[in-house]
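Q: predicted model follows, preceded by the sequence.
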Amino acid sequence: MKVALGSQSAGPSRVNEDFAAAVPGAAVLLDGAGVAGAETGCVHGIAWFSATLGGLLLSNISTQSTRPLVECLADSIRAVRSLHGDTCDLAHRASPTSTVVAVRAGSGVLEYLVLGDSTLLLADLDGKTTAVTDQRLDEVGKRLRASVDALSTGSPEHAVALAEYRDALTGLRNQPGGFWIAGPDPLAAEHGFTGTVPVESLTSVTLLSDGATRLVDLFELATWQDTLAVVGSVGPDGLIRRVREAEAGDPDGRRWPRGKAQDDATVLHWVLS
């Protein structure tokens, strides 16, 4: 199993809330979600949540090879609940959450699950690249963030508008008509996008947090095919460097309005053949 992994926090003084790991035949990537420094009701923090859930999920999908990924994720969420239910307010509306991408290869088939706005890229033998992305958060966000995008990223006014936007977004989390993400409720696992692909048809699978997909889905400077070409030539760290270069060219978010000037960025690239 040949895996390359790169991850970088949003800044030198920021905790990286992404988590990614792999074992033979399986890999996961999670992007912790919340508001840094804001009240969440959890004493552990967002990075703890994504890393703990990610580790449990990877263990479950690799040791329970016949159990569906959805069930493995639900079980993992329940397990995390049991670890901090006595110390944390899991009913808090801003309790830590995380996106999830999970893949598992076995019996000639690659299974996948995508929940939240991280991305799975499937590269096949014919040179085609298919992106599996949960767009529900982006669709909800577009309805709410006009006032945020009109302001300079990092300005005091932007911070106020961003806090109001995130508060409104939190109210739509794991709700019909809103978006779904892994949090305290194991039922969220049932809303992930799942599928299977013959392993023999693939050359690689790549898991990316949304901080690493900005060249494509936010900046529109590259295609998914371009992204895979960069990862193949200079590795995950090389792709993240190119994202940082683009961000540095627009620090105030004038060209590309965004909530964060930089975001945690993680890429896990698994070569199959």
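A: Yep, that arrived.
Q: going by C-alpha atoms from here, please, whenever you check contacts or count neighbours.
A: OK.
Q: now do the one helix or strand Val243 maps to: which elements does it pack against?
A: In this assignment (DSSP states H and E), Val243 forms part of helix 224-248. Packed against helix 224-248 by the contact rule (3 or more C-alpha pairs under 8 Å, 6 or more residues apart in numbering; DSSP states H and E) you find strand 2-8, strand 129-133, helix 214-217, strand 265-271.
Q: ranges for the helices of the stretch 51-200 of the chain?
A: 69-84, 136-144, 146-149, 156-170 (DSSP state H, counting those that start in this stretch).
Q: what would those helices look like in JSON lines with mean pLDDT and mean neighbour count?
A: Listed next are the helices of the stretch 51-200 of the chain as JSON lines, based on pLDDT from 0 to 100; neighbours: other C-alpha atoms under 10 Å:
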{"stretch": "helix 69-84", "mean pLDDT": "97", "mean neighbour count": "20"}
{"stretch": "helix 136-144", "mean pLDDT": "78", "mean neighbour count": "14"}
{"stretch": "helix 146-149", "mean pLDDT": "76", "mean neighbour count": "16"}
{"stretch": "helix 156-170", "mean pLDDT": "79", "mean neighbour count": "16"}
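Q: make CSV out of these and add distance to Leu228.
A: Shown next, in CSV, are these (distance: least, C-alpha to C-alpha, whole Å):
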stretch, distance to Leu228
helix 69-84, 25
helix 136-144, 22
helix 146-149, 29
helix 156-170, 31
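Q: those helices: which one's closest to Glu245?
A: helix 146-149 (20.6 Å; C-alpha to C-alpha).
Q: how about Val132: what's its closest non-neighbour residue?
A: Closest residue to Val132 apart from its sequence neighbours, by C-alpha to C-alpha, 6 or more residues apart in numbering: Leu120 at 5.1 Å.
Q: contact partners for the one you found?
A: Applying C-alpha atoms under 8 Å, 6 or more residues apart in numbering to Leu120 gives the contacts Val101, Val114, Ala131, Val132, Thr133, Val205, Thr206, Leu207, Leu208.
Q: contacts only, for the residue lying closest to Leu187 once chain neighbours are set aside.
A: The shortest distance from Leu187 to any non-neighbouring residue, by C-alpha to C-alpha, 6+ apart, is to Ala74 (6.7 Å). Contacts for Ala74 were tallied using C-alpha under 8 Å, 6+ apart; they are Pro186, Leu187, Ala188, Ala189, Glu190.
Q: residue ranges in the chain under the pLDDT threshold?
A: Across the chain, the ranges flagged by pLDDT under 70 are 35-38.
Q: please name the nearest non-neighbouring residue to Pro24.
A: Pro24's closest residue in space is Met1 (C-alpha to C-alpha, 6+ apart), at 6.2 Å.
Q: would you check that the one you found makes contact with Ala26?
A: No: counting by C-alpha atoms under 8 Å, Ala26 is not a contact partner of Met1; they are 9.6 Å apart.
Q: so the two - more neighbours on which side?
A: Ala26 (23 against 11; other C-alpha atoms under 10 Å).
Q: partners of that one in the sheet?
A: Using DSSP bridges, the beta-bridge partners of Ala26 come out as Val23, Arg104.
Q: dump the residue contacts of it.
A: Contacts of Ala26 by C-alpha under 8 Å, 6+ apart are Leu58, Ile61, Ser62, Ala102, Val103, Arg104, Ala105.
Q: ends of stretch 6-25, how far apart?
A: Distance across stretch 6-25, first residue to last, is 19 Å (C-alpha to C-alpha, to the nearest Å).
Q: give me the contact list for it.
A: Counting by C-alpha under 8 Å, 6+ apart, 1, 3, 5, 27-33, 46-48, 50-51, 54-55, 58, 62, 104-106, 209, 235-237, 240, 262-268 sit against stretch 6-25.
Q: roughly how far does Leu208 sit from Ala168?
A: Where Ala168 is concerned, Leu208 sits at a distance of 26 Å (C-alpha to C-alpha).
Q: pick the most buried one from the helices and strands packed on helix 224-248.
A: strand 265-271 (a mean of 25; mean count of other C-alpha atoms under 10 Å).
Q: adjacent strands (with direction) for that strand?
A: Strand 265-271 has these strand partners (DSSP bridges): strand 2-8 (antiparallel), strand 202-208 (antiparallel).
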